[in-house]
Every structure is written in structure tokens, then in C-alpha cells.
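In: Output the structure for:
(chains A and B)
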Amino acid sequence: MNWSITEDILPWLAFTTAVVMILLVPVRPRGAFSMGAKWFFVAALACYMVGTAWSILGHFIVRPIFLNSIIDVMEDLLVPFMLFGIYSLYARQQLNDALAAGDAVTRTADMMASIVATAPAGIVVLDDVGRITFANDAARGLLDLNDDPDLVTLKAPGWTVRVGDKRPAGEPRADFADLVSDEPASDVMVVVEWPTGWRRRLSVNVEPMKSADGRVTGAIVAFIEREPWRTAAH
Amino acid sequence: MNAVDVFRFALALVLTPIVFGIARRIRIPDARIPFVVGYVAIIVGFAMAAIQPLSGSLVLRSARHLVFSLAGFALAWAAWQVRTYVLASTGERR
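Out: All right, here's what the predicted structure looks like:
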């Protein structure tokens, strides 16, 4: 028995310590240090821990030759396993970044939806030809809008829209197409007239929506009512 | 010159740029230095085993084991830093 501290005990102790340290790293849900990374690192360092233990054991027993070959192959796996471990850590880190970005988008979308739902002003989203595809509660109340089960647009009660409240004004239309343009606008006067003659005069702000290539795909329109008008007949 | 030792050294050397390329993107700064020390020590240890003039003498054989021991302890240190990072990021104490 001519084992030595330097050649046998110290390397074994070092790699055993490393294995224990890796095992002590906790794995947390959504943490960068995943279970995959942990066990790849454990496997990598255990290869050498077993190898050094095998070397110590050789001083006490006669080791089967085929096991020597297996231990040799195990030691070859140190660096590849370490690479797998590092890649697992990196991949989880990237995944966590993507999930965190997704969470931030969801939180922002929820906040915006709350703002739109609780705003006292009417807010509608128009498509590229001026049809209403979304309206908040205030807009639904002001414009008598209802969901149309057959269409993605909302159903209006037959009113007409005229942009501008002075003569000459725009021609009345059954949609808000005159508000869809590539320029934002603010405090635009819009008159909405019901078939019964009832009118609402609205002050409108418009923000165009554009696709990535700059094409106008619709508009976001926010409005408040100036004062209700009645026709002379009313 | 042992073919297994040469293969081991060559494999580690080939994978080194990939290992470091990925490792530098991992945001656990306190674990970087111990990891680099540990990994470089492994490569040096492999080289000492694979390259004939270095692998022959008794003194260098002992030195090789010391280098491997350094690698093991450095990687243990890196693992401890990772543990500290994980516990700190979840607001726990050691």
C-alpha cells in the first residue's frame, strides 16, 4: 500500500467536494440552474470522483481490468458532460428571459385593457375601411353598439357619420372611414345621426394603426360627447 | 504516450471554445473566475498526462495530481458561488 495524499486523497477530496457542492445548489422553479444542468454537472464531476476513488481502491484490492477501461471512458466524459451542463444552464437562462418578457407583455396588455375598460371616454378600434372592430363600454353606450355574432365588427343601429360640424361638411357615411388615414388627428368634430334624427356631436382624437411595412391597417379613435343636439323636429 | 490520454486532451481542447463561448453568456459573475480556473486546470492536467515529456517524471506526475486537485476545488468553489447566487435571487439566506 503506497497510496499518497497528493496523488490519491487530495484529487478524490477535491472532486468529491465539487460533487457535494453541486448537489447543495437548490433547483428553483423558473431558476436558471435547472435540474438538467445540476445532474450534468454532477455526472461530469462524479466521473472524476469515481476515477480517483477507483485509483485509491487499487491500493487495497486487485481491480478487474474491464472496470479499468470503463473508468477510463468515464473520465473522457468529464468535459462533454460539463458542456451539456453549461448549455442547460444557458438554455434555461434564455427560456427564463423569454418567459419574463412574455409576462411583462401580458401585464402591460392587462393594464391597457383595464385603462380602456374604465375610461369615461369612448374608445373604438377601426379596421382599414372604418368599421368598428372593438369598442369599450363608454363607446358602446354612446353609439348604441352591439356585438354581431356573424361578424368580427360591431353592429351599429343604422346611424350615419359626418366628419366636421360646419358646412360644407363631409358626406354622411355608415362607418368611420373618413377617420382612417396615415396621420394622427385631435379634436376632430364628428356628428353621428340616428335614423330617428337624434344626433350626437363628438370630439374625436385619432391615432392611425400601421403594419410593419407602413400600410394603414386601421385607427384607434377616442371621443367624448360635446353636447347632445336635437333636430328642429325634436 | 497513452492514446486515451491524448484523446481526452484533444477532446477537451476542441470543446474549450464552445464551453467558454457559452459560459461567458451565463449571468452568474461570481462563478466565472473559479470556473475558468477549474476548467483551465483540467486542460493543463490533461496536457500533462498526454504530452510525453511532461508525463514521464515522478515529480510531474505528482504535480499533475495537484493540478487536478486544484481543478476540483475550483469547480467546488464555482458551485458554491452558483448556490449563493440561487439563494440570493430567491431571497433566501445561506
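
In: so what strands line up beside the helix or strand encompassing A:Glu207?
Out: According to DSSP states H and E, A:Glu207 maps onto strand A:199-210. Strand pairing for strand A:199-210, using DSSP bridges, gives strand A:185-193 (antiparallel), strand A:216-229 (antiparallel).

In: ok, A:Leu83 touching B:Leu15?
Out: Yes: using Cβ atoms under 8 Å, A:Leu83 makes contact with B:Leu15 at a distance of 5.5 Å. (Glycine included, C-beta is placed from N, CA and C.)

In: Between the two, which is the more surrounded one?
Out: Per other Cβ atoms under 10 Å in any protein chain shown, whichever of A:Leu83 and B:Leu15 has more neighbours is A:Leu83, with 19 against 16.

In: Quick check: buried residues in stretch A:202-218?
Out: A:202-206, A:208, A:218 (16 or more other Cβ atoms under 10 Å in any protein chain shown).

In: in the chain, which residue is closest to the centre?
Out: Unless you meant another one, I'm taking chain A. A:Gly102 (2.4 Å; Cα atoms, centre = their mean).

In: nope, chain B please
Out: Using Cα atoms, centre = their mean, the most central residue of chain B is B:Tyr39, at 2.1 Å.

In: how about the residues of chain B near chain A?
Out: B:4, B:7-8, B:11-12, B:15, B:18-19, B:22-23, B:25-28, B:39, B:42, B:61-62, B:65-66, B:68-73, B:75-77, B:79-80, B:82-83, B:86-87, B:89-90 (Cβ under 8 Å from any Cβ of the partner chain).

In: hmm, try it at 7 Å
Out: Counting by Cβ under 7 Å from any Cβ of the partner chain, chain B comes close to chain A at B:4, B:7-8, B:11-12, B:15, B:18-19, B:22-23, B:25-27, B:42, B:62, B:65-66, B:68-69, B:72-73, B:75-76, B:79-80, B:82-83, B:86-87, B:90.

In: Just the buried ones from those residues, in ChimeraX syntax?
Out: Of those, the buried ones go into a single ChimeraX selection, burial set by 16+ other Cβ under 10 Å:
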select /B:8,11,12,15,19,22,23,26,42,65,66,68,69,72,73,75,76,79,80,82,83,86
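
In: In helices, which of the residues of chain B next to chain A appear?
Out: Mapping these onto helices (DSSP state H) picks out B:4, B:7-8, B:11-12, B:15, B:18-19, B:22-23, B:42, B:62, B:65-66, B:68-69, B:72-73, B:75-76, B:79-80, B:82-83, B:86-87.

In: The closest residue to chain B within chain A: what's it in contact with?
Out: Distances between chain A and chain B by Cβ to the nearest Cβ are smallest at A:Ala14, namely 2.6 Å. By Cβ atoms under 7 Å, 6 or more residues apart in numbering or on different chains, the contact list for A:Ala14 reads B:69, B:72-73, B:76.

In: In the residues you listed, find the pair that's most separated.
Out: Maximum pairwise distance in the contacts of A:Ala14, criterion Cβ to Cβ, is 10.6 Å, between B:Ser69 and B:Ala76.

In: Who are the packing partners of the host helix or strand of A:Glu75?
Out: Using DSSP H and E, A:Glu75 sits within helix A:65-76. Other elements packing on helix A:65-76 under the criterion 3 or more Cβ pairs under 7 Å, 6 or more residues apart in numbering or on different chains; DSSP states H and E are helix A:35-57, helix B:3-23.

In: chain center to the shortest one, what's the gap?
Out: Just to be clear, that refers to helix B:3-23. Between the centre of helix B:3-23 and the centre of its chain there are 11 Å (Cα atoms, centre = their mean, to the nearest Å).

In: circling back: of the contacts of A:Ala14, just say which sits nearest to chain A.
Out: So of the contacts of A:Ala14, ranked by how close each gets to chain A (Cβ to the nearest Cβ), first place is B:Gly72, at 2.6 Å.

In: Assign a three-state SS to the residue nearest to the closest one when sequence neighbours are not counted, would you?
Out: Spatial nearest neighbour of B:Gly72, excluding adjacent residues (Cβ to Cβ, 6 or more residues apart in numbering or on different chains): A:Ala14 at 2.6 Å. For A:Ala14, the assignment made with DSSP: H, G, I helix; E, B strand; the rest coil gives helix.

In: which stretches of chain A aren't confidently modelled?
Out: For chain A, residues meeting the criterion pLDDT under 70 lie at A:1-2, A:165-170, A:228-234.

In: and it, which residues reach chain B?
Out: Residues of chain A lying near chain B by Cβ under 7 Å from any Cβ: A:6-7, A:10-11, A:14-15, A:17-18, A:21-22, A:24-26, A:28, A:31, A:33, A:45, A:48, A:72, A:75-76, A:78-80, A:82-83, A:86-87, A:89-90, A:93.

In: Buried ones among those?
Out: Buried residues within these, counting neighbours by 16+ other Cβ under 10 Å: A:7, A:10-11, A:14-15, A:17-18, A:21-22, A:25, A:31, A:33, A:45, A:48, A:72, A:75-76, A:78-80, A:82-83, A:86-87, A:89-90, A:93.
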